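[1] starting from these lines, generate the structure:
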Amino acid sequence: MPSEFELIARYFALPCQAAGQGVVLGPGDDCALLSPSPGSTLAVSVDTSVAEVHFPGDAPATAIGHRALAVALSDLAAMGARARWCVMAITLPAVDETWLEAFSAGFHTLCRRSGVALVGGDVTRGALSVAVTVHGEVPVDAALRRDGGRPGDVLAVTGTLGGGRGGLDAWQAGLRDLDDPLLRAYLLPEPRLAAGEALRDLAHAGIDVSDGLLADLAHLCQASGTGAVLDTTALPLTAGLTGRLGEADAIDAALRGGDDYELLVALPQSSLDRARQRLAARDLALTPIGHLTATPGITGVPASSRPSGWQHFPGGMT
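    Okay, here's the model as predicted:
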C-alpha cells in the first residue's frame, strides 16, 4: 500500500501547474511559498466537504473532486477575486487508487480551467472529507463585499436557481445521468469566477448562493443595513426543476434549497444593462429578482419561506 507521501506525489503534486503562477515553491516542503501580484489584496477562504453531509459518498469520484474545489472557489467569485492557488486536505477511509485517480482528475481539471495551482495539502485516514483552502487576488479596495448594498439597488442573480435542491432530489430518486441539468447543478456546480470579476466595479455588494437565496440575501441585508423585496415570479429556475418538484416546491427550492453557487449582487439600476451585457458575452444570464429597501426584513416571498437556509447546528451557530 502506498504511503501518504507517495499518494501526494502520485495524485496531487503537479509542479507543472504552478509554472508562471506566482509559486516560488510548490508541494514538497513544509509550506508553499507564493508571490502575490503587486497592488493586490489577498482573498482567502476554506470549505470542508463531508461525505453524506455535503455530497453523496457514492457519487462519482470525478464529481466529488470537482465539487470540493468548486464550492471553495465560489467564495472567491463572490468577492470578485481572481483565483490563484489552493491547498487541499483529504481524509480517506481506505486507499483506493482507482477512486483517487478519478477524484484527482476532477479536481485538477477544474484547477486548470480556473487558473488555480494546487500548492500543498495533506492526506490522512478517517471518514471521507475534503477541505480546500483557496487563495485569490483582488485589486486594493476593489473587493465585492456584502456590506455595500444601498436602498434602491437592484438585486440580480447569475445563472439559475434551485438546481442544487432539485439535483439532490433526483439523486435520491436514483437518477445517475450527469448530463441531466439538475444533477449537473448539484454535483458539478460552476464557480462564477469570471462573473465576479466582471461585476466587481459595477455592483455595490455581492454574495454567493450556497446556503439558500433567502438565507444569503439576509446575510447581505444585515451587513448592508437594508431590507429587500423579492419578485418570486422572476426567479430563474434550473431546467427540469418545476417538472420534478412541482411549481410551489420549485420556488421553495430556489428560495431555500441552497447548493446553487450562483452570485447574488446588489447594483444600481444604471449599471444593470452593462452588467447583463458583460455576462452575456460570457454566455451567462443575469436576472433581476428584486431590490433593496431602507426598511429591514425581506418581503415578497411566501409566508412559509423563512430565510433559515442550511445550518450544521440548527438553533446554534449559523
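
[2] what number of residues lie near G174?
    For G174, the count of nearby residues is 6 (other C-beta atoms under 10 Å). From N, CA and C alone the C-beta is placed, and that goes for glycine too.

[3] also the one 10 residues further on?
    Burial measure for R184: 18 neighbouring residues, criterion other C-beta under 10 Å.

[4] does it touch L178 like I think?
    Yes: with contacts counted by C-beta atoms under 8 Å, R184 reaches L178, the gap being 5.9 Å.

[5] next up, the contacts around the residue nearest the centre of the chain.
    What sits nearest the mean C-alpha location of the chain, by C-alpha atoms, centre = their mean, is S74, with 3.0 Å. Listed by C-beta atoms under 8 Å, 6 or more residues apart in numbering, the contact set of S74 reads P189, P191, R192, D208, S210, Y261.

[6] 10 Å instead?
    45, 47, 134, 189-193, 196, 208-210, 260-263 (C-beta atoms under 10 Å, 6 or more residues apart in numbering).

[7] just the strands in the stretch 51-200 of the chain please.
    82-92, 117-125, 129-139, 154-158 (DSSP state E, counting those that start in this stretch).

[8] each with direction, which strands does the second one pair with?
    By that I understand strand 117-125. Within its sheet, strand 117-125 is paired with strand 82-92 (parallel), according to DSSP bridges.

[9] again, but for the shortest one
    Sheet pairing for strand 154-158, assigned by DSSP bridges, gives strand 262-267 (antiparallel), strand 286-293 (antiparallel).

[10] try the third one
    With DSSP bridges as the criterion, the sheet partners recorded for strand 129-139 are strand 40-50 (antiparallel), strand 82-92 (antiparallel).

[11] L237 is nearest to which of these?
    With C-beta to C-beta, the closest approach to L237 among the strands paired with strand 129-139 belongs to strand 40-50: 25.1 Å.

[12] show me what the mean pLDDT comes to for that closest one.
    Mean pLDDT, strand 40-50: 97.

[13] in that strand, which residues are buried?
    Buried residues in strand 40-50, counted by 16 or more other C-beta atoms under 10 Å: S40, A43, S45, D47, T48, S49.

[14] wait, which of these is closest to L25?
    S40 (19.5 Å).

[15] check contacts around that closest one.
    Applying C-beta under 10 Å, 6+ apart, the residues contacting S40 are G22, A81, R82, R84, G136, E137, V138, P139, V140, A142.

[16] let's see that with 8 Å instead.
    So S40 contacts E137, V138, P139, V140 (C-beta under 8 Å, 6+ apart).

[17] now, which of the buried residues of strand 40-50 sits nearest D153?
    A43 (22.4 Å).

[18] bridging residues for the closest one?
    Assessed by DSSP bridges, A43 has beta-bridge partners G136.

[19] now it: how far from R82?
    As defined by C-beta to C-beta, to the nearest Å, A43 lies at a distance of 9 Å from R82.

[20] same thing with G106?
    G106 is 22 Å from R82, by C-beta to C-beta.

[21] same question, L178
    28 Å.

[22] re the thing from before, reformat the strands paired with strand 154-158 as JSON lines; add distance to Q172, mean pLDDT and mean neighbour count.
    Output for those, formatted as JSON lines (distance: least, C-beta to C-beta, whole Å; pLDDT from 0 to 100; neighbours: other C-beta atoms under 10 Å):
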{"stretch": "strand 262-267", "distance to Q172": "22", "mean pLDDT": "98", "mean neighbour count": "29"}
{"stretch": "strand 286-293", "distance to Q172": "28", "mean pLDDT": "98", "mean neighbour count": "21"}
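
[23] before we move on, the earlier item: sort out which one of the contacts of S40 lies nearest A63 for me.
    Lowest distance from A63 to these (C-beta to C-beta) belongs to E137, with 28.1 Å.

[24] need the contact list for that closest one.
    P36, S37, S40, T41, L42, A43, A81, R82, R84.

[25] now the contacts of S40 as TSV including distance to D283?
    Listed next are the contacts of S40 as TSV, based on distance: C-beta to C-beta, whole Å:
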residue	distance to D283
E137	25
V138	23
P139	25
V140	30
